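Enquirer: pasting a predicted model and its sequence here:
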Amino acid sequence: MSKFQTVLERLVGPLAEKMAANKTIQSITNGMMAVLPISLGVAFIAIVGQFPFEPWQMLLAQLGLTQVITDFINITTGLYALYIVVTIAYETAKIEEVSPITPTILSLSFFLILVPQQQIELGLDWWAAMITTSSIGSDGIFVAMIVAILVTKFYAYMKKRNMFVIKLPDSVPNMVSESLGPTFIAMLIFIQAFILKAGFNVSPFGDAITFVNSIVTAPLSFIGSSPLSVILVFTFANLLWFFGIHPAAIINLFYAVTAPIYIYNIEAFLAGNPQPYLEFMFVTAIIMVGGTGNTIGLAIDMLTAKSEKFKAMRALTLVPSIFNINEPIIFGVPVVLNPIFFIPLVSSVAVSGAVVHFFFKIGFLTYVNPTIELPWVMPPVIQQLIYSGINFALVMVVVIVVLCILYYPFFKIADKKALEEEQSYAATNQE
């Protein structure tokens, strides 16, 4: 393991340092970490509100809290794109050394312009504009990242060169000057937004969000019913996640396309016949252990952390990961655009799928009740125990151990790097 880790450090280390020095990567990384308080803050509410215990759910419903909790989650973690466009634009402005408030507001406005709207008639000639929360949530994350970076960089480029900047007398207060000076730059930015909006409006996609989701979900048109297709699709989903493209669109389409497979298995099960797609059911149960990217292995590996950063992270991320909530890890470590974790993130589904395939082939996995539908926050192992019995629960334990092993050498590189940075910072402050 030590030799393997040394080889990894030689291969991944230089790339990680090079990417860490890149201004755009810094902006995205810092911006996503800035959203961490939201994902961590709401994790407790999500766990409590979705806790898979029927009497508890009935109590929440009787108290009128079920919808309150749903609304709470929708407005927090459900609007990630909205928060990310603000934080990434703000961090980009700081790196570009311009006052952040104006480019941040412009980036937010630009993004909202690109978000699709629907006009709803309320009656008596009253109309309302409706925006779906998914457009400013999971579906819009990638577009939000692009807008925040490009708009802020364009603003900084123009501002630094005093291009289209209104010159105001020195007697004008600085706050007023900062607000009025870039008026023409704002006009240019909104003209570009108008052109993009109009262009997408006449295109087959209709809007930028739909365009991105259509592109990333295109590979699903080739999906089959084999376990291998499941692994390929979710490996692709993890690849998208690495680059900051939320895989919700591709995951939702996957379940829509494969819905008949579940129905065939249910019909066979109820009729007492062998299920035609039995292995498919086993594989789909291990594609998001601890969240997208099977990051529960990384959460457990943090128990061995030596750096203060990851010691703090493990206290905040382990419990949410047990309930399949991994936004704190994805944005807090971060895993997104972090070359250190590229290999384990992208390969995690293939590795987990290989473990399940092995136990299925030797006849250890033989039973699944396809009529059971469990909440997404049901912890792994318990989920498999209810879904398929003790055998699958034991296999899930093996899967988790394998995931810990998969993430471990890469985590040690990140932990060592964080520890070195902390020691260097401490030494500098002592001087």
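Expert: Received it, and whenever you're ready, just let me know what you need. Computed from a predicted model, the values in this text were never measured in an experiment.
Enquirer: quick one: the helices in the stretch 201-350 of the chain?
Expert: For the stretch 201-350 of the chain, applying DSSP state H, counting those that start in this stretch gives helices covering 208-217, 227-242, 248-257, 259-270, 278-284, 296-301, 308-322, 327-332, 342-361.
Enquirer: tell me, which of those is the model least confident about?
Expert: Comparing mean pLDDT across the helices of the stretch 201-350 of the chain, the lowest value falls on helix 248-257: a mean of 66.
Enquirer: so how far is His357 from the nearest residue to Ser226 once chain neighbours are set aside?
Expert: In space, Ser226 comes closest to Phe280 once its chain neighbours are excluded; the distance is 7.2 Å by Cβ to Cβ, 6 or more residues apart in numbering. (Each C-beta comes from the backbone N, C-alpha and C, glycine too.) Going from Phe280 to His357 by Cβ to Cβ, to the nearest Å gives 11 Å.
Enquirer: does Arg314 touch Ala299 like I think?
Expert: Yes - using Cβ atoms under 8 Å as the test, Arg314 is close enough to Ala299 to be in contact (7.2 Å).
Enquirer: these two - which one has more neighbours?
Expert: Set Arg314 next to Ala299 and count neighbours by other Cβ atoms under 10 Å: Ala299 wins out with 27 against 19.
Enquirer: shouldn't that one be in contact with Asn324?
Expert: No - Ala299 is not in contact with Asn324 according to Cβ under 8 Å; the separation is 10.8 Å.
Enquirer: any common contacting residues for these two?
Expert: Residues touching both Ala299 and Asn324 by Cβ atoms under 8 Å, 6 or more residues apart in numbering: Gly290.
Enquirer: pull the longest helix from the chain.
Expert: Using DSSP state H, we find that the single longest helix of the chain is helix 390-430.
Enquirer: packing partners for that helix?
Expert: Applying 3 or more Cβ pairs under 8 Å, 6 or more residues apart in numbering; DSSP states H and E, we find helix 390-430 packed against helix 2-21, helix 296-301, helix 308-322, helix 342-361, helix 382-388.
Enquirer: for the last one, the averaged confidence score.
Expert: It refers to helix 382-388. If you average the pLDDT over helix 382-388, you get 86.
Enquirer: how distant is it from the center of its chain?
Expert: Put simply, helix 382-388 sits 26 Å off its chain's centre (Cα atoms, centre = their mean, to the nearest Å).
Enquirer: which elements pack onto that helix?
Expert: For helix 382-388, the packing partners by 3+ Cβ pairs under 8 Å, 6+ apart come out as helix 390-430.
Enquirer: list the residues that contact the residue nearest to Ile400 when sequence neighbours are not counted.
Expert: Leaving aside its chain neighbours, Ile400 sits nearest to Ile296 (6.1 Å; criterion: Cβ to Cβ, 6+ apart). Contacts for Ile296 (Cβ under 8 Å, 6+ apart) come out as Val289, Gly290, Ser321, Ile322, Asn326, Pro380, Ile400, Leu403.
Enquirer: could you flag which of these are buried?
Expert: Buried members of those, counted by 16 or more other Cβ atoms under 10 Å: Val289, Gly290, Ser321, Ile322, Asn326, Pro380, Ile400, Leu403.
Enquirer: how much space separates the fourth one from Ile251?
Expert: Distance of Ile322 to Ile251, given as Cβ to Cβ: 21 Å.
Enquirer: next one: the last one
Expert: From Leu403 across to Ile251, the span is 19 Å (Cβ to Cβ).
Enquirer: and for the second one?
Expert: Distance, Gly290 to Ile251, by Cβ to Cβ: 15 Å.
Enquirer: got it, and the third one?
Expert: For Ser321, the distance to Ile251 (Cβ to Cβ) stands at 18 Å.
Enquirer: ok, back up a step: which neighbours do Phe280 and His357 share?
Expert: Residues touching both Phe280 and His357 (Cβ under 8 Å, 6+ apart) are Pro227.
Enquirer: neighbour-wise, which of these two wins?
Expert: Phe280 (24 against 17).
Enquirer: surely that one touches Pro227?
Expert: Yes - contact status for Phe280 versus Pro227: in contact at 5.6 Å, counting by Cβ under 8 Å.
Enquirer: show me the contact partners of stretch 99-114.
Expert: Taking contacts as Cβ under 8 Å, 6+ apart, the residues outside stretch 99-114 that touch it are 81-82, 85-86, 88-90, 92-94, 131, 136, 140, 143-144, 147-148, 151-152, 155-156, 178-179, 182, 186, 189-190, 193-194, 196-197, 200, 207-209.
Enquirer: do that again at 6 Å, thanks
Expert: 85-86, 89-90, 93-94, 144, 147-148, 151-152, 155, 178, 182, 186, 189, 193, 197, 208 (Cβ atoms under 6 Å, 6 or more residues apart in numbering).
Enquirer: now stretch 97-110, how far from the chain's geometric center?
Expert: When distances are taken as Cα atoms, centre = their mean, stretch 97-110 is centred 24 Å away from the chain's centroid.
Enquirer: for that stretch, what is the average pLDDT?
Expert: Mean predicted confidence for stretch 97-110 is 91.
Enquirer: give me the low-pLDDT residue ranges for the stretch 51-200 of the chain?
Expert: Within the stretch 51-200 of the chain, the stretches with pLDDT under 70 are 51-53, 123-125, 164-181.
Enquirer: for it, which segments count as helices?
Expert: All helices of the stretch 51-200 of the chain, identified by DSSP H, counting those that start in this stretch, fall at 54-62, 66-75, 80-95, 101-114, 141-160, 174-180, 183-202.
Enquirer: from the ones you listed, which stretch is densest packed?
Expert: helix 80-95 (a mean of 24; mean count of other Cβ atoms under 10 Å).
Enquirer: now do it and helix 208-217, the angle between them.
Expert: Calculated by axes from the mean of the first three to the mean of the last three Cα atoms, to 10 degrees, helix 80-95 forms an angle of 100 degrees with helix 208-217.
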